[in-house]
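[1] what would the 3D arrangement of this be:
(2 chains)
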Amino acid sequence: MKRSRSLAAWALIGPYALFLAVFGLAPAGYALWTSFVHDGAFSGVRNWSAVFDDYRLSDAAWHVGTYLLLWLPVLVLLVLSLALTLHARPGRFSSTMRFVYYLPGAVTGSAAALLWLFMFSPDASPFSPLLDLFDITSVTDALSGSTLIGILTVMGVAVHAGGWIVVLYGALNALPRDVLEAAQVDGASTWRTTWHIKLPMVRTYVAFVLISSFASGSQVFVEPTVLTTGAPGQISPTWSVNQLAYAYATQEGDFGKAAALSLAMLAVGLVAAWIVIKRTRMYATDDR
Amino acid sequence: MNAISRTARAVFLLGAAVFFGLPLLWLALAPTRTADDLTTGSPLGFGSLGNVGAAWSHLMRYNDGELTIWIGNSVLYAAASVALSLALCVPAGYVLAKHEFGGRRTLLTLSIVCMILPPAALVLPLYLEMDAFGLVSTPASVILPLSFYPFGVYLAFLHFAANLPNTLLDAGRVDGAGELRLFWSVAVPLAKPAIGLIAFFSFVRSWTDFFLPFVMLADDRTFTLQLGLMSLLQSTGAVNAGSGFSDLDIHQPEAALAGLVAAAPTLVAFVFAQRFLRSGLMAGAEKG
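    Next up, the predicted model:
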């Protein structure tokens, strides 16, 4: 009985495990190997120390750190509050709103560069009153100094929030109705139901949002690259750590250094993931 | 809900809608306007439908309408990788949530590792791997790596762990249903909202992915829409005038139109995925 169950389990998960090995672990293992190789020969930690000595890294790490500090809390709070508010009263209005919130995430590539460049041009932007409020008189203004981090945060939130709102809304939507109805019968207010019942029940999803967003924020690449394409010369092409890794791989053709830096980013993401998993018991199967 | 909290809710949701919606409204209006009007006219002005037609014919003039070939390629690659990733993710997520077996935690952890592994680390190894398989510059070199989708496995895992009661499965076992049958006839039908969501995110990932096709595909007739548009728009300097050279009339309105064409399938897929969400199949499953 037990044997046949575990056999069935492997039959269902086997194909995925194979893909995991071939398209995940094998390339990752190869990357680890290349991070210790220079000019075709094993070179110990040479690539790693070269990366950590790169004068561009500390700037990039500082940029990404400040970005995460600003972007991650704004994103998570906005996603949670919008998803919970939408779920308090499901219906046509709520589903239209989810669609609208997703819109900026659908625009990619060159069109995104064009779009965001115009959004931050005071003369041409529909947001010009807001830009005036922050004393931004030109795109150059918007992309320089401390305004840049704010601009990137706004972009990053606009692009990433919609997908997570849908994920969380889906999780809320799947909650057993009897529990929520029981709370209502007991006279719990909407606010109390949200805070004490719904939120704890979707905690594994919140953990997932945190893990994924921390990783994608610490590997931020698209937003600064998009602004660089739109306004060349304004932002350093190695503004973020991930951009630096791409510069190693593509411009300098140095895959050893690219691999070393990528794996260092992975390590940071894994530490965050480990903390979140421990605190939320995300792996448990015995909940229900 | 009293009047004050209802108003607060509406203000919050509609305010967010302005923030998320205005950028796309601007983008949707841009192809109706001329490049000059975009910088000097009113931010949300409407030009003429004739301009849209002109912009479209400018885009189609590039390599005798190669754009339509790219669209066809993108549809093919995305459809294949969505189908394959669903076939891998859903059973894997189910087993990880509902079976205790040796290797479960390892698989969960390795999936997280691969999920947050920076793509820059994988570019070279994946290319070498595809080269060894003799698949470089074939559709399979894009489809297969995209079908490995640990993010989707996690969505399935979280859904089954939170929403599929063990009692339901045990009841099936008492009735003599085999493990594979339980998955197919009990778990899958109850997971339709989650499957819709995974299909959507998997589609978005395949549709918008740029770097993998960029590395794998050499012949521009096998390009995806994203890749093709990037080369079209960059070679013509449409986004920032002056960085390219072309005798084609490709400017900002054309770039905006191209962006809309690229974004439209994502939005259609979103609407489809939402229909699965609304079905709310879990209600009362445990009682039945």
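[2] what about whichever residue of the stretch 51-200 of chain A sits closest to chain B, how many neighbours?
    In the stretch 51-200 of chain A, the residue that lies nearest chain B is A:Ala111 (2.0 Å; Cβ to the nearest Cβ). (Each C-beta comes from the backbone N, C-alpha and C, glycine too.) Here the number of neighbours of A:Ala111 (other Cβ atoms under 10 Å in any protein chain shown) works out to 27.
[3] cool, and A:Pro237?
    In terms of burial, A:Pro237 registers 16 neighbours under the definition other Cβ under 10 Å.
[4] element containing the residue of the stretch 51-200 of chain A closest to chain B?
    A:Ala111 is located in helix A:109-119, with elements delineated by DSSP states H and E.
[5] counting contacts, what elements does that helix pack onto?
    In this structure, helix A:109-119 makes packing contacts with helix A:222-230, helix B:3-29, helix B:225-236, helix B:252-278, judged by 3 or more Cβ pairs under 8 Å, 6 or more residues apart in numbering or on different chains; DSSP states H and E.
[6] between those, which one is nearest to B:Pro91?
    Put simply, out of the helices and strands packed on helix A:109-119 the one that sits nearest B:Pro91 is helix B:252-278, at 18.3 Å, with distance taken as Cβ to Cβ.
[7] give me the mean pLDDT for that closest one.
    Averaging the model's pLDDT scores along helix B:252-278 yields 87.
[8] ok, stretch A:157-174 next?
    Across stretch A:157-174, the average pLDDT comes to 92.
[9] OK, contacts around residue 218?
    Just so you know, I chose chain A. Shown in contact with A:Ser218 (Cβ atoms under 8 Å, 6 or more residues apart in numbering or on different chains): A:Val64, A:Leu68, A:Val241, A:Met265, A:Val268, A:Gly269, A:Ala272.
[10] that's the wrong chain, I wanted chain B
    By Cβ under 8 Å, 6+ apart, the residues touching B:Ala218 are B:Val136, B:Ser137.
[11] break chain B down into its structural domains.
    Under the assignment automatic domain parsing, the domains of chain B span B:1-47, B:55-278.
[12] quick check, the residue in the stretch 151-288 of chain B closest to chain A?
    Checking the stretch 151-288 of chain B residue by residue against chain A with Cβ to the nearest Cβ singles out B:Gly259 as nearest, at 2.0 Å.
[13] quick check: closest non-adjacent residue to that residue.
    Spatial nearest neighbour of B:Gly259, excluding adjacent residues (Cβ to Cβ, 6 or more residues apart in numbering or on different chains): A:Ala111 at 2.0 Å.
[14] so the one you found touches B:Leu27, yeah?
    Yes - the criterion here is Cβ atoms under 8 Å, and A:Ala111 meets it with B:Leu27 at 6.9 Å.
[15] please enumerate the shared neighbours of the two.
    Both A:Ala111 and B:Leu27 are contacted by B:Ala256, B:Gly259, B:Leu260, under the criterion Cβ under 8 Å, 6+ apart.
[16] residues near the last one, how many?
    The local packing count at B:Leu260 equals 19, with neighbours defined by other Cβ under 10 Å.
[17] any idea how far A:Leu244 lies from A:Thr225?
    Applying Cβ to Cβ, to the nearest Å, one obtains 12 Å for the distance of A:Leu244 from A:Thr225.
[18] these two - which one has more neighbours?
    Of the pair A:Leu244 and A:Thr225, A:Leu244 is the one with more neighbours under other Cβ under 10 Å, namely 26 against 19.
[19] so which strand or helix has that one?
    Counting by DSSP H and E, the secondary-structure element that holds A:Leu244 is helix A:241-246.
[20] hmm, who's touching that helix?
    With contact meaning Cβ under 8 Å, 6+ apart, helix A:241-246 is reached by A:54, A:56-57, A:60-61, A:64, A:218-221, A:224-225, A:237-238, A:258, A:261-262, A:265, B:118, B:120-121.
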